[in-house]
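> Provide a 3D model corresponding to the input given below.
(chains A and B)
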Protein chains: 2
Amino acid sequence: MPRPGTKNLITDVAGLKVGHATDEAAGTGVTVLLCGADWAAGVDVRGGGPGVRESEALAAENLVGRAHAIVLAGGSVFGLAAADGVASALSVRGIGLHLKRDSLAIPIVPAAVLHDLGNGGNKDWGSTPPYRELGVRALSSARAEFDLGSHGAGRGAMAGLVKGGIGSASLDLGAGLVVGALIALNSVGSAFMPDGKTLWAWAFELDREFGGATPPGAGMDLSDPSPQGSRLAEIGRLQAGANTTLGVVACTADLSTAECKRVAMMAHDGIARAVRPAHTPFDGDTLFAVASGASPLGRHPARAAALARIGSAGADCVSRAIGRAVYCA
Amino acid sequence: MPRPGTKNLITDVAGLKVGHATDEAAGTGVTVLLCGADWAAGVDVRGGGPGVRESEALAAENLVGRAHAIVLAGGSVFGLAAADGVASALSVRGIGLHLKRDSLAIPIVPAAVLHDLGNGGNKDWGSTPPYRELGVRALSSARAEFDLGSHGAGRGAMAGLVKGGIGSASLDLGAGLVVGALIALNSVGSAFMPDGKTLWAWAFELDREFGGATPPGAGMDLSDPSPQGSRLAEIGRLQAGANTTLGVVACTADLSTAECKRVAMMAHDGIARAVRPAHTPFDGDTLFAVASGASPLGRHPARAAALARIGSAGADCVSRAIGRAVYCA
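Now for the predicted structure:
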């Protein structure tokens, strides 16, 4: 049976590194996922208030379809600057597309941001928001081991009415095929059922990664589509894009850009299963998918079945990463 | 608290009628949802093997954005002809867009099909598939009460390895705001957890509509992303589009076409919560959303919160309709 990878982190996909940079005073931060090289990448934006950069470069019909790093950031629109810092720093390292030999390295750094501006912290940064520098710092701290919970892009995050944060999980499908997810959870919806204690994701827990989840009892009433555990009840104070679940699904398969998009699409089901409601007009829910290419999937039709299995594993890893984000926050 | 509508069917949204036509020998059929007039409509296609017509007419940036009827059909590509039959029959009744007074009525009839060709029944129809006629018959039988289970588009449907079918459910949110869903369930994925008896949708059941679902026990192992209850294990015999969950979410709100799309997007979460895996390359998962306009939602920002609530209710109704489809099959 498939089991979590050695670290139970997205970095069980060989070649990946993750780094956080946190601004404690501002109550915000940035998380960077560094690929081993330019990896095939896709994205699926499902929230009604997204803040995203370089998504068009990842469209299957466009030229590039690859990424050197993915940035998840707090700070709403200001957080997009984190990717500028990462792109510049990677270029200096010589990491990026080279249009000619010895030409400037052009790193493709897609990014998505969550809105933590209303969750406390000193945002009195005037014309110099901290995100570009946080991006550079997060990149420089990237390594195979990283912390879950209230760090990086998860520092200012909320999940419904409780603390959100960073989560990650992996699944080793055998024969070199590994899938993992990295999530920054800042959802309108709640990760808990209306009993306030059972994680929606409870059934997906492996190896007590949420601390040992128990099944819900009978007789729960789910008739209210705007449960108390979500922030819908007090939504009057919210604006479009004021929340968001962001993440990346990674795998070792030799996926195309279009196949990465299918994995990202299926992985959104992992948000749906772990957060209710999800994908509202107030969320900017965005998932990237990246693939190292180390593990060839073969040809049609077996390839499509393998892709379905990776997408399903990606969705499960997303649900588990959400459970861990709340547990570790 | 919100409760199911009087009939607990999508037709609790006033003005809607649903009709089935079933070809028992061929083991297939057609289901038609007739709107009270041209209703605002949107669509979200999430499966990897869709078969859809008139989806472009429902794109928010295009002209029409409305529908007179929605067709769900078996028969894969052949099932699309059902909508031709429905469009012709509606035009004869004078139902459709009128570009000039007394001009030919032009009905907008979006449709989506599921693949039941491999599920038994005599498909020896040569050059005269039955779907156009089934569409006409389904329309003529449309009424506020209709059967769930193995009827119409659900007649040849499978849900994972067990019988699929037609499901429906509704939720009365009060003050005239009613939401409902109609589903034809023919998924690759299973509606049951790996214990083989607990519906994924169990927690969403209202008023014993699944026969009285009980919570799952502890200790279930969900580590395999391709569970036995799905057809992924035997996927070699399947082709793209060989499965599919189709449906419609309806409400009484005065939604725009773009808002209908947001409801359809959120409603896909109801598939994710009730079927695992979903949205695979082998599914043609497609959801329409229609809105009668009887219940004004008001303006921004309260409007967006109301839209989120409708989308969340739509997702819940989809999960419940899936539970009922399996229960009634």
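
> and the closest residue to residue A:247 other than its chain neighbours, what element?
Among residues not flanking residue A:247 along the chain, residue A:183 sits closest, at 4.1 Å (Cβ to Cβ, 6 or more residues apart in numbering or on different chains). (Glycine included, C-beta is placed from N, CA and C.) In the assignment (DSSP states H and E), residue A:183 maps to strand A:178-186.

> so what does the next helix or strand after that strand touch, helix or strand wise?
Using DSSP H and E, the helix or strand that directly follows strand A:178-186 along the chain is strand A:244-253. Applying 3 or more Cβ pairs under 8 Å, 6 or more residues apart in numbering or on different chains; DSSP states H and E, we find strand A:244-253 packed against strand A:66-73, strand A:111-113, strand A:178-186, helix A:257-274, strand A:286-295, helix A:302-328.

> picking up where we left off before, need the mean per-residue confidence for the strand holding residue A:183.
The average pLDDT for strand A:178-186 rounds to 98.

> And it, what does it pack against?
Judged by 3+ Cβ pairs under 8 Å, 6+ apart, strand A:178-186 is in contact with strand A:28-45, strand A:158-159, strand A:165-172, strand A:244-253, helix A:302-328.

> what's stretch A:213-222 in contact with?
Outside stretch A:213-222, the residues that touch it by Cβ atoms under 8 Å, 6 or more residues apart in numbering or on different chains are A:193-195, A:198-199, A:201-203, A:205, A:323, B:1, B:203-204, B:206, B:214-218, B:316.

> Buried members of those residues into ChimeraX, please.
Restricted to buried positions by 16 or more other Cβ atoms under 10 Å in any protein chain shown, the ChimeraX selection for the contacts of stretch A:213-222 reads:
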select /A:193,194,198,199,201,202,203,205,323 /B:203,204,206,216,316
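
> So, low pLDDT: which residues of the stretch 101-250 of chain A?
Applying pLDDT under 70 to the stretch 101-250 of chain A flags residues A:233-242.

> distance of residue A:88 from chain B?
Per Cβ to the nearest Cβ, to the nearest Å, residue A:88 is found 35 Å from chain B.

> Show me the residue at the heart of chain A, geometrically.
residue A:247 (1.2 Å; Cα atoms, centre = their mean).

> rewinding a little: out of the helices and strands packed on strand A:178-186, deepest packed?
Ranked by mean neighbour count under mean count of other Cβ atoms under 10 Å in any protein chain shown, the helices and strands packed on strand A:178-186 are led by strand A:244-253, which reaches a mean of 32.

> what inclination does that one have with respect to strand A:286-295?
Interaxial angle, strand A:244-253 versus strand A:286-295 (axes from the mean of the first three to the mean of the last three Cα atoms, to 10 degrees): 10 degrees.

> Contact residues of the stretch 1-150 of chain A facing chain B?
A:1, A:2, A:3, A:46, A:48 (Cβ under 8 Å from any Cβ of the partner chain).

> Thought residue A:249 was touching residue A:181, still the case?
Yes. The pair residue A:181 / residue A:249 is scored as a contact, 5.0 Å apart, by Cβ atoms under 8 Å.

> in the stretch 1-150 of chain A, which spans are helices?
A:81-92, A:131-140 (DSSP state H, counting those that start in this stretch).

> and the last one, how far from the chain's centre?
By that I understand helix A:131-140. 17 Å (Cα atoms, centre = their mean, to the nearest Å).

> residues making contact with that helix?
Identification of contacts with helix A:131-140 by Cβ under 8 Å, 6+ apart yields A:19-23, A:28-32, A:34, A:69, A:71, A:73-75, A:78-86, A:88-90, A:152.

> mind exporting it as CSV, just the C-alpha atoms?
Coordinates of each C-alpha in helix A:131-140 appear next as CSV, following Å, rounded to 0.1, in the frame of the first residue of the first chain:
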residue,chain,number,x,y,z
TYR,A,131,7.7,41.1,0.4
ARG,A,132,10.5,41.5,-2.1
GLU,A,133,13.1,41.0,0.6
LEU,A,134,11.1,38.3,2.3
GLY,A,135,11.1,36.4,-1.1
VAL,A,136,14.9,36.7,-1.2
ARG,A,137,15.3,35.5,2.4
ALA,A,138,12.8,32.6,1.9
LEU,A,139,14.8,31.4,-1.2
SER,A,140,18.1,31.6,0.7
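
> Residue A:313 is in contact with residue B:225, isn't it?
Yes. If you go by Cβ under 8 Å, residue A:313 and residue B:225 touch, sitting 3.9 Å apart.

> shared neighbours of the two, anything?
Counting by Cβ under 8 Å, 6+ apart, the shared contacts of residue A:313 and residue B:225 are A:2, A:171, A:173.

> what's the neighbour count on residue A:27?
When counting by other Cβ atoms under 10 Å in any protein chain shown, one arrives at 19 neighbours for residue A:27.

> do residue A:175 as well
Residue A:175: 8 surrounding residues under other Cβ under 10 Å.

> Next, count neighbours for the closest residue to residue A:32 other than its chain neighbours.
Spatially, and ignoring its direct neighbours in sequence, residue A:32 is nearest to residue A:138 (4.2 Å; Cβ to Cβ, 6+ apart). Neighbour count for residue A:138, taken as other Cβ under 10 Å: 33.

> what does residue A:143 give?
10.

> who's the residue nearest to it when sequence neighbours are not counted bridged to?
Using Cβ to Cβ, 6+ apart and skipping the chain neighbours, the partner closest in space to residue A:143 is residue A:17 (5.4 Å). Going by DSSP bridges, residue A:17 is paired in beta bridges with residue A:34.

> tell me the contacts of residue A:17?
A:11, A:33, A:34, A:142, A:143, A:144.

> what's the pLDDT at it?
Predicted confidence (pLDDT) for residue A:17: 98.

> what about it, distance to chain B?
Residue A:17 is 25 Å from chain B, by Cβ to the nearest Cβ.

> before we move on, back to that, which of the shared contacts of residue A:313 and residue B:225 sits closest to chain B?
Distance to chain B, by Cβ to the nearest Cβ, is smallest for residue A:2 among those, at 5.0 Å.

> Was I right to think the closest one contacts residue A:173?
Yes. The criterion here is Cβ under 8 Å, and residue A:2 meets it with residue A:173 at 5.0 Å.

> Quickly list what's touching both of the two.
When contacts are counted by Cβ under 8 Å, 6+ apart, residue A:2 and residue A:173 have A:313, B:225 as shared neighbours.

> Which one of the two is surrounded by more residues?
residue A:173 (24 against 21).

> Correct me if wrong: that one contacts residue A:309.
Yes. Using Cβ under 8 Å, residue A:173 is in contact with residue A:309, at 7.0 Å.

> what lines up beside the strand holding residue A:183 in the sheet?
Strand A:178-186 is paired, per DSSP bridges, with strand A:165-172 (antiparallel), strand A:244-253 (antiparallel).

> Pull the contacting residues for residue A:67.
Here residue A:67 is in contact with A:35, A:38, A:39, A:41, A:54, A:58, A:108, A:109, A:110, A:288, A:290 (Cβ under 8 Å, 6+ apart).

> The fourth one touches residue A:58, doesn't it?
Yes. Residue A:41 lies in contact with residue A:58 (Cβ under 8 Å); the separation is 5.3 Å.

> got any residues that touch both of the two?
With Cβ under 8 Å, 6+ apart, residue A:41 and residue A:58 have common neighbours A:65, A:67, A:110, A:257, A:260, A:288.

> I'd like the distance from the second one to chain B, if you could.
When distances are taken as Cβ to the nearest Cβ, residue A:67 and chain B turn out to be 22 Å apart.

> List the contacts of the closest residue to that residue other than its chain neighbours.
Excluding the flanking residues, the one nearest residue A:67 by Cβ to Cβ, 6+ apart is residue A:41, at 3.8 Å. By Cβ under 8 Å, 6+ apart, residue A:41 lies in contact with A:35, A:58, A:65-67, A:70, A:108, A:110, A:257, A:260, A:288-291.

> can you pick the most crowded of the residues you listed?
For these, neighbours tallied by other Cβ under 10 Å; top is residue A:289, 34 neighbours.

> Just to check, it is in contact with residue A:266?
No. Using Cβ under 8 Å, residue A:289 is not in contact with residue A:266, being 9.1 Å away.

> Thank you kindly, that will do.
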